[in-house]
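Novice: this one's structure only:
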């Protein structure tokens, strides 16, 4: 057995490569959500004309922290089903179900993110649960129709992001499980599941410190400047 084959078997038997594939997909989502934040800034620069580069990078850092929490909430079911420590999880049919689950959930999340790019100009804040209260008072299908007509560029941006997500997702696929060492597979699978569950909850809550557990909109003020608030109120 060559050293390369030996290392490959270790990655498979101890679920390391499988876990790395999940981390890669989460990182891909982080990249796309960061891109959508740049799109948000580009279309709303008139509201942030006095922002400096250092302040912009601080806001991007804060957004990165919120993205981690949001992405983990959106993908909690996917992560759980992906990490179930059973050999059937690498079967094509199971992976296909996971893939569509991943695309649907994150497609909706990115659509909401892109919609916020244009919605911000009307309410001067990022949308929250009150947008659903507004939708209940209106014909939501009519609202979607108006968005597609008036902000077709947003639909194009969403389609581009989804294409990147689909291509990036299919670029790296988890290896099939080897049955030569089932004990190491099950034990390491359970360990990875427990570790992932722990860090997922930490990520959802915004970190280890008491000031960000759970993370809320109030924590966003740490990464902004008061001038932005005053300017948007006017």
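Specialist: Structure received. What you are looking at is a predicted structure, and each value in this text was computed from that prediction instead of being measured. Numbers count the residues shown, from 1 in each chain.

Novice: And the top helix by length along the chain, what does it pack against?
Specialist: With DSSP state H setting the assignment, residue counts place helix 92-123 as the longest helix in the chain. Judged by 3 or more Cβ pairs under 8 Å, 6 or more residues apart in numbering; DSSP states H and E, the packing partners of helix 92-123 are helix 16-43, helix 53-74, helix 76-83, helix 152-171. For every residue, glycine as well, the C-beta is placed using N, CA and C.

Novice: For these, which has the smallest mean pLDDT value?
Specialist: Ranked by mean pLDDT, those bottom out at helix 53-74, which scores a mean of 82.

Novice: So for that helix, what gets flagged as buried?
Specialist: Buried residues in helix 53-74, counted by 16 or more other Cβ atoms under 10 Å: 55, 58-59, 62-63, 65-72, 74.

Novice: Distance to residue 86 added to the residues you listed, as CSV?
Specialist: Below are the buried residues of helix 53-74 laid out as CSV (distance: Cβ to Cβ, whole Å):
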residue, distance to residue 86
55, 48
58, 44
59, 42
62, 38
63, 36
65, 33
66, 33
67, 30
68, 27
69, 28
70, 29
71, 25
72, 22
74, 24
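
Novice: picking that back up, got the buried residues for the longest helix of the chain?
Specialist: Buried, per 16+ other Cβ under 10 Å, within helix 92-123: 98-99, 102, 105-106, 109-120.

Novice: Show me what stretch 158-172 is in contact with.
Specialist: 21, 24-25, 28-29, 32, 35-36, 99, 102-103, 106-107, 110-111, 114 (Cβ atoms under 8 Å, 6 or more residues apart in numbering).

Novice: Nearest to residue 43 among the residues you listed?
Specialist: Residue 43 has its nearest neighbour among the contacts of stretch 158-172 in residue 114, at 9.8 Å by Cβ to Cβ.

Novice: wait, doesn't that closest one sit right on residue 157?
Specialist: Yes: counting by Cβ atoms under 8 Å, residue 114 touches residue 157, with 5.6 Å between them.
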